[in-house]
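# Sequence and predicted structure, then a few things I'm wondering about:
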Amino acid sequence: MRGRSAAYPRHSPNVIECDAATWLAMVSGQLSWADAVDAGRVAASGLRADLSALLPL
């Protein structure tokens, strides 16, 4: 595809990074999304990179 139509805007990626221990603590409810982000244990960027409504599992 050479050009992009206004009907199909370019989307920025949503990226979330954390270590395994942080992920397991968040999905099990031992650590909240907000506390993990505030502590620097999660790096998140993008419009939809907030998992607070989905955690814990």
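All right, it came through fine. Numbering: from 1, shown residues only.
# Wait, a helix at residue 44?
No: the assignment for residue 44 is strand, going by DSSP: H, G, I helix; E, B strand; the rest coil, so no helix is present there.
# Make 51 the first number, not 1, from now on.
Understood, numbering begins at 51; the last thing we discussed is residue 94.
# burial count for it?
Counted by other CB atoms under 10 Å, the residues lying close to residue 94 total 16. (Each C-beta comes from the backbone N, C-alpha and C, glycine too.)
# That one: what's it in contact with?
Residues touching residue 94, when contacts are defined by CB atoms under 8 Å, 6 or more residues apart in numbering, comprise 64-67, 87, 100-101.
# Out of the residues you listed, list just those in strands.
With strands defined by DSSP state E, the entries of the contacts of residue 94 inside them are 65-67.
# ok, of those residues, which come out buried?
By neighbour count, with 16 or more other CB atoms under 10 Å, the ones in strands among the contacts of residue 94 hold residue 66 as buried.
# Please tell me how far the nearest residue to residue 78 once chain neighbours are set aside sits from residue 68.
The shortest distance from residue 78 to any residue other than its chain neighbours is 6.0 Å, reached at residue 106 (CB to CB, 6 or more residues apart in numbering). Noted for residue 106: a distance of 14 Å to residue 68, by CB to CB, to the nearest Å.
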